[in-house]
Structures are given as structure tokens and as C-alpha cells.
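Enquirer: can you look at this prediction? I've put the sequence above it.
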Amino acid sequence: MRFLRHSLTGLVLAAMTAALLLYAGQTIISALQARMNAEPRTPPVRERVFAVHVVKAELTRIAPELSAFGRIESRRTLELRSAVAGRVVSLAESFEEGGQVTQDEVLVRIDPSDAMDAKEEAEADMMDARAEERDAERALDLANDELSASQEQAQLRARAHQRQIDLQERGVGTTAAVEDAALTAASARQAVISRRQAVSQAEARVDQAATRASRSRIALERAERDLSDTTLRAGFGGTLQGVTLVEGRLVSANEKLAELVDPDLLEVSFRVSTLQYARLLDQEGHLRVAPVRVTLDASGAGLVATGTLSRASGGVGDGQTGRLLYASLDSSPGFKPGDFVTVKVEEPPLDAVAQVPASALGVDGTVLVLGAEDRLEALPVELLRRQGDDILIRGEGLAGREVITGRTPLLGAGIRVRVLRQGAALDQRASSPMVELSAERRAELVSLVEGNAAMPDAVKSRILGQLKAAAVPEKLVNRIETRKGG
């Protein structure tokens with residue numbers, strides 16, 4: 001009887017379970033059919049709004065700056081070379097690398113013994129030449145006197161011959177006497193010719209003596225120059241560089257000993273493109289006298305000098321392009337020849353241009369401006385210059401418009417944006433109330449920030465820096481105290 005009761009109970013439970021399973025299956029099938037037969041519903045689409053930064057385009061008169069890299073050079077450089085060979089016997093104390101020298105200061109002395117001997121020999125030769133010149137002049141005077149005496153004798157012989165002829169014509173003289181007188185007159189004339197030849201030789205001797213004296217004078221001047229060249233002096237005040245000389249060294253003629261540069265007369269040479277060079281020309285095609293600013297970035301301590309454009313190179317140069325320009329520097333303390341510097345040249349000013357970040361210009365030559373209902377509009381502009389991270393543009397309808405500074409592929413005409421104006425953020429930050437904290441409250445806030453393990457280190461350092469200030473934003477204090485204990 002008990003077995004029958006248990007069996008019936010199990011059958012009833014099994015029947016109830018089967019019924020429940022059938023009911024659940026029927027419910028699921030009905031729900032699926034209702035879901036499949038129901039009309040599809042599309043959720044409402046929300047327009048995506050992008051946050052952008054803008055800058056107001058104000059048309060003004062701007063003088064662009066041409067930027068280039070250049071090298072400092074000295075406008076006055078002197079190579080110190082040995083004019084004569086010999087041994088260096090003394091050096092100036094300032095004759096060293098970077099030494100400062102003054103004009104006409106004695107820098108190097110070469111052993112002058114040979115030069116002094118040569119000078120003395122030249123002086124002796126000069127004395128001999130002058131003595132020969134005086135002797136030749138005296139001989140010429142004597143030859144002239146002998147010529148005068150011979151001419152007088154010839155005149156007397158000629159008159160005696162004429163007298164014998166007259167006597168023969170009157171029948172008093174004889175033919176033999178006339179012939180003797182004629183022979184005597186001819187001999188006198190021959191003596192005159194001989195004396196003239198002697199005078200000519202004496203004159204030639206005088207010329208030779210003068211030539212010898214001139215050569216001796218030239219040799220003496222050369223010897224004096226050689227003696228003077230044994231002492232090397234500074235042609236002007238400046239700084240020495242490239243010094244390779246020590247005392248006691250043997251130097252050869254024309255050997256380079258050092259270079260003397262003038263640190264107060266510096267210029268900068270830099271190369272620009274042909275288009276940039278054309279912008280620096282005036283209406284007549286001459287290079288403008290434009291102001292130049294030179295900067296040497298020496299590990300943050302920037303050295304700045306000013307100057308003006310002076311000239312352009314005569315040729316382009318082998319394997320080069322553009323133009324090589326030179327600018328004279330006015331006052332350049334701290335600059336040295338060979339420095340690699342940044343050169344900025346002021347170009348002629350441009351009217352009605354706007355200066356905006358370079359990231360605002362698209363590849364299609366347009367900028368995105370803020371339109372009605374905060375939607376973007378594409379505005380074509382003309383790119384005039386690039387100034388570092390900024391550009392100078394000009395376009396119709398650009399004046400007073402707000403230009404998108406950071407242009408991305410997601411932005412385009414018709415896109416709605418949310419404008420982030422830097423001035424508004426600064427005003428909001430400036431209007432935020434500030435509170436002064438007591439020492440106990442400040443220490444408590446610092447401990448709360450340092451004990452927050454979930455806070456990033458960068459954010460923690462920034463908040464701790466703000467808490468060290470005398471006045472702390474009230475909003476920051478409230479936020480830290482709100483999270484206290486959690």
C-alpha cells in the first residue's frame with residue numbers, strides 16, 4: 001500500500017513538472033514570435049559636437065621676419081706670417097691663443113744677426129757707390145776742362161793756318177809753312193775729338209756710378225726692410241687665434257704664425273632662397289638696408305646682437321643655391337668668429353593680414369571659421385608668409401571671424417562645434433574664489449592627498465604644488481574634503 005502511494009505521488013510530480021516545462025516553452029515561443037513580428041524602432045540619433053579652440057582674425061599691418069642660419073665672421077682679419085727665415089728669440093706675453101693685443105705691439109722677434117750683417121754690407125756698398133759717383137763727377141769736370149783747352153788750341157792753330165795762307169797770298173809766305181800750319185791745325189782738331197771722346201766716357205762713368213748708387217740704395221733699403229721684418233708687430237688691436245709658435249723655433253719665410261681678428265668688427269653670413277632674396281630687394285633691384293637680429297642660443301642664455309644688411313655675394317657658388325648675404329653687426333658682445341647663429345631679417349611690412357597658428361590652414365588652402373549656430377564654414381585664404389608656428393594669411397571676409405586653430409580630419413564645413421575660448425577660461429579661473437588655510441588645515445589636506453593611492457602621481461604633484469601657495473582655490477579644498485575617508 002505504501003509503495004502504491006509513493007508511486008502515485010511520483011507520477012503526479014512528474015506530470016506537474018512536464019506541464020510547467022510545456023508552459024515555459026510556450027511562453028518563450030510566444031515572446032520570440034511577438035519580438036519578431038513587432039515593428040523595428042530606431043533610437044533617436046544625437047549629433048556629435050566637437051570641442052575646438054578658436055582665435056579671432058584681426059587684419060593688421062605686420063612686418064614679416066625672414067629666418068635663416070648663419071655664421072659669425074670678422075670683417076677685419078690679418079694673417080701673421082714670417083717675412084724672413086730665422087730663429088724666434090722672443091715672444092710677447094700676449095702671443096697665445098685668445099691673447100688680446102694692441103696696435104703696433106711687438107709680438108715676435110726673429111734673430112736679427114744676419115739681417116744686421118746684410119745691412120752693414122749694403123751700407124758699405126752704398127759708401128763705395130757714392131765715392132765712385134763723386135770720382136766720376138770730378139773726372140767729368142777735368143775732361144770738360146781738357147776739352148775746353150783743346151778747343152782753344154785748335155782755334156789758335158786754325159788762326160795760324162789762316163795767317164800763313166794770307167802771307168802766301170801776299171807773296172811773303174812759303175808753301176811749306178802753309179802746309180805745316182795746316183798739319184798743326186788738323187792735329188789740334190784731332191785732339192779736340194779725343195777730348196770729346198774722353199768727356200763722353202766720363203759722362204758714361206757718371207751714369208754708371210749713378211746706376212750703381214741707385215742699386216746700392218735699393219739693396220740698403222731691402223736690407224733695412226729685412227731687418228725690420230725680423231720684428232713682427234700687430235697691425236691693429238684684436239684677438240689672436242690659431243697660434244702655433246713657441247720661442248726658439250726655426251721659422252721659414254712666409255710661414256703662418258697666427259691670425260689676428262678684430263672682435264669689434266663682426267658680420268654674419270647666411271644663405272637664403274632666391275624667393276626670399278627677391279623679397280629683400282627694393283624697386284630698383286638693390287638690396288635693402290634691412291634691420292637684422294642675430295641670436296646665439298648658449299644653453300638658454302641667449303646672446304642677441306643687431307645689425308643691418310650690407311651686401312650680397314657676387315656669385316651663387318659651386319653646388320649651391322639661393323644667395324649668400326652678409327650683415328654688419330653693430331654691437332656684438334659675447335660673439336666670436338665661427339659661431340653658428342640664428343638670423344632674423346625684417347622684411348617689408350604687409351597690410352591687411354592676419355596672424356593665426358599654422359595648424360589652422362588646410363591642404364586645400366582654406367581655414368575653418370565659426371558660423372551661425374556654432375557650425376563651421378570653409379573660407380579660402382591666401383598664404384603670404386610662414387612665421388615659425390604661425391602663418392600670415394589674407395582673404396575676403398576674414399576680418400573679425402573666429403578661426404579654428406587645431407584643424408583635424410574630423411572637422412569640416414557644417415560640423416557643429418563647442419567653442420573653447422582661452423580668454424573665457426582665464427576669466428573663469430580668475431573669478432574662482434581663493435581661501436587662506438591655517439597650518440593645521442593645510443597639513444590635513446596634504447596628508448589626505450599623499451594618502452590617496454588611487455590618485456596619479458602627476459595629478460598628486462600638481463595638487464600639492466597648489467596647496468603650498470598662500471591662497472588655495474576653494475573649489476579644490478571642497479573637492480579634497482568631500483572625498484575624505486573614501
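Expert: In hand now; what should we look at?

Enquirer: secondary structure element for Ala209?
Expert: Per DSSP states H and E: Ala209 is located in helix 175-229.

Enquirer: elements contacting whichever helix or strand comes after that helix?
Expert: Under the assignment DSSP H and E, the closest C-terminal helix or strand after helix 175-229 is strand 231-233. Where contact means 3 or more Cβ pairs under 8 Å, 6 or more residues apart in numbering; DSSP states H and E, strand 231-233 is packed against strand 106-110. Using the backbone N, CA and C atoms, a C-beta is placed for each residue, glycine as well.

Enquirer: I'd like the average pLDDT over the strand it packs on.
Expert: Strand 106-110 carries an average pLDDT of 90.

Enquirer: contacts only, for Ala139.
Expert: 202, 205 (Cβ atoms under 8 Å, 6 or more residues apart in numbering).

Enquirer: ok so it is a helix residue?
Expert: Yes - assessed with DSSP: H, G, I helix; E, B strand; the rest coil, Ala139 lies in a helix.

Enquirer: got the buried residues for stretch 170-188?
Expert: Buried residues in stretch 170-188, counting neighbours by 16 or more other Cβ atoms under 10 Å, are found at 173, 177-178, 181-182, 184-185, 188.

Enquirer: same check, this time on stretch 380-396
Expert: Quick answer for stretch 380-396 (16+ other Cβ under 10 Å): 381, 385, 387, 391-395.

Enquirer: among these, name the ones in strands.
Expert: Residues from those lying in strands, with DSSP state E as the criterion: 385, 387, 391-394.

Enquirer: tell me which helix or strand of this protein sits lowest on mean pLDDT?
Expert: Lowest mean confidence among the helices and strands of the chain (mean pLDDT, DSSP states H and E): helix 422-431, at a mean of 46.

Enquirer: and the closest residue to Leu140 other than its chain neighbours, what is it in contact with?
Expert: Spatial nearest neighbour of Leu140, chain neighbours left out: Ala202 (3.9 Å); criterion: Cβ to Cβ, 6 or more residues apart in numbering. Listed by Cβ under 8 Å, 6+ apart, the contact partners of Ala202 are 136, 139-140, 142-144.

Enquirer: again, 7 Å this time
Expert: Applying Cβ atoms under 7 Å, 6 or more residues apart in numbering, we find Ala202 in contact with 136, 139-140, 143.

Enquirer: and the residues you listed as CSV, adding pLDDT and distance to Asp114?
Expert: Formatted as CSV, the contacts of Ala202 follow (pLDDT from 0 to 100; distance: Cβ to Cβ, whole Å):
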residue, pLDDT, distance to Asp114
Ala136, 87, 33
Ala139, 86, 37
Leu140, 85, 39
Ala143, 84, 43
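
Enquirer: that older thread, what two of the ones in strands among the buried residues of stretch 380-396 are the furthest from one another?
Expert: Gln387 and Arg394 (13.9 Å; Cβ to Cβ).

Enquirer: give me the residues contacting the longest strand anywhere in the chain.
Expert: Across the chain, the longest stretch assigned as strand under DSSP E is strand 301-312. Applying Cβ under 7 Å, 6+ apart, the contact partners of strand 301-312 are 267, 280, 287-296, 323-332, 334-335, 345.
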